[in-house]
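> heads up, no residue letters with this:
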């Protein structure tokens with residue numbers, strides 16, 4: 001669950017009071033944990049900081065991870081959230097020095113020297129520790145031999161030796177020996193030696209000074225193939241002896257299903273990648289486990305080797321089904337209209353609708369703002385508009401149909417209905433039907449193709465919208481607000497019932513699953529969307545009638561307007577762990593859409609928006625742009641071009657609820673622009689109309705994610721006559737945001 005809200009300056013005193021109460025409560029809670037007579041006792045010194053020097057081959061972060069002695073840290077050094085000061089334990093510290101020595105030995109530095117010095121501070125109440133390391137020369141491999149490869153073919157022997165991880169002149173280390181041992185085990189298990197294991201390898205080491213000779217002696221077992229394959233599916237939590245049993249045999253696979261839940265034979269057979277007579281391979285079994293896991297209907301999956309007879313391995317795959325039905329209530333809190341918006345959702349899921357891992361999901365959502373909203377109606381007098389409380393209701397149903405021959409791929413059919421009352425004096429109703437195909441391209445990437453989408457959009461205006469259109473919107477779209485005919489035509493264009501018939505292609509890539517913690521994690525999202533091509537074919541070749549209110553130049557089918565546009569969007573995010581306690585993260589987003597054919601504008605519901613806790617944090621939700629526009633009402637209608645960049649430095653140095661906590665420094669730069677008109681994107685407007693903010697935030701850890709308190713200051717506000725605000729920056733001119741989870 002994720003939620004956030006943003007508040008403006010008139011509630012800043014309340015925010016500061018709330019944060020002060022949180023900090024004081026934390027300090028008080030910390031004080032209550034200390035006995036009353038603590039001051040009277042002799043206090044052992046605590047560790048202020050630990051410094052390493054001379055470590056060239058092993059990073060300081062790795063050294064800190066293996067020692068038990070730690071530095072005392074707190075929020076801004078004020079003693080908040082730091083917990084009790086842990087006294088220096090001499091016995092524990094001596095063990096730490098021994099562990100560092102063992103780590104260097106483990107990595108091949110047998111002759112390293114580890115020394116330490118303790119510097120007392122504050123009358124002996126605090127100590128700083130200096131650990132000095134002299135690595136000396138490492139031991140290197142001067143000979144490497146493999147014995148026991150005679151039973152295998154020459155091609156397999158050459159393949160095995162060509163992939164070795166340990167080579168002559170490499171630094172000799174236990175770490176590299178284990179890597180080579182594990183590589184050997186995996187290699188032979190992949191080529192029919194299913195029972196090759198750690199005890200099948202003997203490693204002999206001869207060392208003289210800084211030279212080491214390594215000999216691997218392999219004892220290869222019998223090479224085997226798969227025999228009979230059995231599958232047992234347990235879909236009952238009750239006594240299995242009294243449950244229904246269905247059995248079948250297909251493609252040499254014998255299956256028994258215990259319980260009433262229906263399991264398709266095709267589901268079982270397509271997930272298993274090995275058959276009787278196939279050479280036993282570790283990868284086939286791993287892929288089988290992965291395939292069953294991708295169905296999302298089994299809670300327990302494992303493969304048991306039963307026996308070996310006449311060179312054949314007989315196996316049984318054991319499967320236990322997860323609960324078929326799930327009901328999940330959710331609490332929804334955010335600031336989609338700039339103020340506190342809350343509601344709830346109830347989701348129902350059937351994980352195995354027809355027996356082939358078909359999934360049905362149904363979600364009903366309702367939300368409302370805590371009160372009426374007039375923030376975007378500043379140019380209207382109070383009696384000129386109808387007071388409106390923004391609210392939303394939606395009902396979404398989705399059916400997922402897996403492609404059994406391609407595990408991880410699926411078709412989906414979606415039907416949605418939504419009603420919305422917006423603070424810009426508009427209400428809308430949307431009905432949508434979509435068909436998609438989602439393909440797993442690899443362990444790190446997916447491709448989703450919406451090959452059919454039809455959305456019907458109806459809008460109504462509330463009292464005061466025409467006045468709002470004249471004061472805030474007309475000039476943005478090139479309409480003279482004093483020309484009544486043009487104003488009426490513009491309003492009719494905004495309120496016209498229309499359809500969006502779309503195709504959409506989305507590509508996602510992330511290296512999160514196969515990246516070590518110290519490496520950079522990248523996330524890429526690419527989208528291409530087109531709307532109106534099928535509707536255009538119907539308009540031009542099938543629906544030849546004339547309809548009232550439409551001319552030959554208007555895009556319409558059967559008396560309903562349709563959209564024609566092309567949309568391109570890309571986003572790239574990264575996170576880089578600089579140390580176990582610090583992280584650099586960034587995101588950029590670029591979007592462009594434009595109408596084509598008979599259409600002159602793009603639909604409001606598909607445009608780009610800027611401002612808010614997960615966008616430009618110096619501005620409230622959807623109140624930035626387009627360009628240098630100062631109208632928040634105009635911002636709520638979006639724009640066709642978006643450029644945005646965010647960067648964060650995250651530092652964790654204390655704990656709350658045993659969860660890492662700290663501070664974040666961030667900056668955001670970007671805006672949205674129109675394609676034409678006074679707020680169009682040009683080289684000049686790009687230099688002049690960019691928005692820029694910077695700020696800092698507190699991250700308080702919790703089991704459900706970090707609580708986020710962000711304070712952002714506008715550094716460059718394109719809506720003002722003097723956009724640069726750095727020289728006029730005041731501490732109280734901030735925008736405060738709260739949420740759970742990081743901004744990106």
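That came through fine. Fair warning: this is a prediction, and the values are worked out from it, not measured in the lab.
> Quick one: the strands in the stretch 51-200 of the chain, in order.
Counting by DSSP state E, counting those that start in this stretch, the stretch 51-200 of the chain has strands at residues 113-121, 126-134, 140-147.
> what angle do the second one and strand 113-121 make?
Meaning strand 126-134. On the basis of axes from the mean of the first three to the mean of the last three C-alpha atoms, to 10 degrees, strand 126-134 is oriented at 160 degrees to strand 113-121.
> Now strand 126-134: buried residues?
Residues of strand 126-134 classed as buried under the neighbour-count rule (16 or more other C-beta atoms under 10 Å) are 126, 127, 129, 131, 133. Heads up, the C-betas are built off the backbone N, CA and C, glycines and all.
> Using TSV, lay out the residues you listed together with pLDDT and distance to residue 324.
As requested, these are exported to TSV (pLDDT from 0 to 100; distance: C-beta to C-beta, whole Å):
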residue	pLDDT	distance to residue 324
126	86	59
127	89	60
129	91	57
131	93	57
133	94	58
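> Pull up the distance across stretch 127-141, start to finish.
End-to-end distance for stretch 127-141, by C-alpha to C-alpha, to the nearest Å: 42 Å.
> quick one, domains of this protein?
Domains of the chain are assigned by automatic domain parsing as 44-138, 140-218, 225-321.
> Pull up the distance across the first one, start to finish.
The one in question is domain 44-138. With C-alpha to C-alpha as the measure, domain 44-138 spans 39 Å from end to end.
> Same check on the second one?
With C-alpha to C-alpha as the measure, the first residue of domain 140-218 is 23 Å from its last.
> Distance from the chain centre to it, please.
39 Å (C-alpha atoms, centre = their mean, to the nearest Å).
> before we move on, back to that, could you dump the strands of the stretch 51-200 of the chain to CSV with distance to residue 553?
CSV is the format used below for these (distance: least, C-beta to C-beta, whole Å):
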stretch, distance to residue 553
strand 113-121, 82
strand 126-134, 79
strand 140-147, 79
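> Of all those strands, which one comes closest to residue 102?
strand 113-121 (10.0 Å; C-beta to C-beta).
> Could I get the average pLDDT for that closest one?
Taken as a whole, strand 113-121 has an average pLDDT of 90.
> Show me where the protein has its helices.
Along the chain, the segments classed as helices by DSSP state H run 12-32, 60-66, 90-106, 154-162, 174-189, 265-271, 282-294, 465-468, 484-495, 533-541, 632-635, 683-688.
> Mean pLDDT for these - can I get that in JSON lines?
Shown next, in JSON lines, are those (pLDDT from 0 to 100):
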{"stretch": "helix 12-32", "mean pLDDT": "39"}
{"stretch": "helix 60-66", "mean pLDDT": "87"}
{"stretch": "helix 90-106", "mean pLDDT": "92"}
{"stretch": "helix 154-162", "mean pLDDT": "94"}
{"stretch": "helix 174-189", "mean pLDDT": "94"}
{"stretch": "helix 265-271", "mean pLDDT": "94"}
{"stretch": "helix 282-294", "mean pLDDT": "94"}
{"stretch": "helix 465-468", "mean pLDDT": "86"}
{"stretch": "helix 484-495", "mean pLDDT": "82"}
{"stretch": "helix 533-541", "mean pLDDT": "92"}
{"stretch": "helix 632-635", "mean pLDDT": "85"}
{"stretch": "helix 683-688", "mean pLDDT": "92"}
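> Among the ones you listed, which comes closest to residue 388?
Closest among the helices of the chain, using C-beta to C-beta: helix 465-468, at 10.2 Å.
> Next, report how far the closest one is displaced from the centre of its chain.
That offset, for helix 465-468, works out to 40 Å (C-alpha atoms, centre = their mean).
> rounded to a whole number, what's the mean pLDDT of stretch 431-441?
On average, stretch 431-441 scores 96.
> With stretch 387-395 instead?
Mean per-residue pLDDT for stretch 387-395: 92.
> Enumerate the positions of it that are buried.
So, applying 16+ other C-beta under 10 Å, buried residues of stretch 387-395: 388, 390, 391, 392, 393, 394.
> Equivalent analysis for stretch 664-674, please.
Within stretch 664-674, the residues scored as buried using 16+ other C-beta under 10 Å are 664, 666, 667, 668, 669, 670, 671, 672, 673, 674.
> Show me what the nearest residue in space to the third one that is not next to it in sequence is bridged to.
It refers to residue 667. Distances taken as C-beta to C-beta, 6 or more residues apart in numbering place residue 694 nearest to residue 667, at 4.2 Å, with adjacent residues excluded. On the basis of DSSP bridges, residue 694 is bridged to residue 667, residue 713.
> do residue 734 as well
Here residue 734, judged by DSSP bridges, has bridge partners residue 713.
> correct me, but it touches residue 696?
No: the pair residue 734 / residue 696 is not scored as a contact, 9.8 Å apart, by C-beta atoms under 8 Å.
> quick revisit: so which of the domains of the chain is nearest residue 371?
domain 44-138 (34.7 Å).
> Centre of the chain to the closest one, how far?
The answer for domain 44-138 is 35 Å, by C-alpha atoms, centre = their mean.
> What of stretch 412-423?
That offset, for stretch 412-423, works out to 24 Å (C-alpha atoms, centre = their mean).
> same check, this time on stretch 268-280
The chain centroid and the centroid of stretch 268-280 are separated by 34 Å under C-alpha atoms, centre = their mean.
> Relative to residue 536, how far out is residue 633?
Distance from residue 633 to residue 536, counting by C-beta to C-beta, to the nearest Å: 32 Å.
> Correction: the previous question concerned residue 558.
Where residue 536 is concerned, residue 558 sits at a distance of 14 Å (C-beta to C-beta).
> Those two: which is more packed in?
Between residue 558 and residue 536, counted using other C-beta atoms under 10 Å, the more crowded position is residue 536 (19 against 13).
> quick one on the thing from earlier: adding distance to residue 706, write the domains of the chain out as TSV.
Shown next, in TSV, are these (distance: least, C-beta to C-beta, whole Å):
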stretch	distance to residue 706
domain 44-138	13
domain 140-218	34
domain 225-321	28
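> what's stretch 500-520 in contact with?
Stretch 500-520 is contacted from outside by 61, 443-455, 457, 521-535, 562-563, 574-577, 603, 605-606, using C-beta atoms under 8 Å, 6 or more residues apart in numbering.
> Could you tell me which of those residues are located in strands?
Within the contacts of stretch 500-520, residues falling in strands by DSSP state E are 445-455, 457, 521-531, 562, 574-577.
> Give me the buried subset of those residues.
For these, buried by 16+ other C-beta under 10 Å: 446-447, 450, 453-455, 457, 521-524, 527, 529-531, 562, 574-575, 577.
> Against residue 456, how distant is the residue lying closest to residue 217 once chain neighbours are set aside?
Nearest non-adjacent residue to residue 217, counting by C-beta to C-beta, 6+ apart: residue 202, 4.3 Å away. Distance of residue 202 to residue 456, given as C-beta to C-beta: 73 Å.
> neighbour count winner among these two?
residue 456 (15 against 12).
> in the sheet, who's paired with that one?
residue 431, residue 499.
> Do I have it right that it meets residue 418?
No: counting by C-beta under 8 Å, residue 456 does not reach residue 418; the two are 11.1 Å apart.
> shared neighbours, the two?
Joint contacts of residue 456 and residue 418 (C-beta under 8 Å, 6+ apart) are residue 430.
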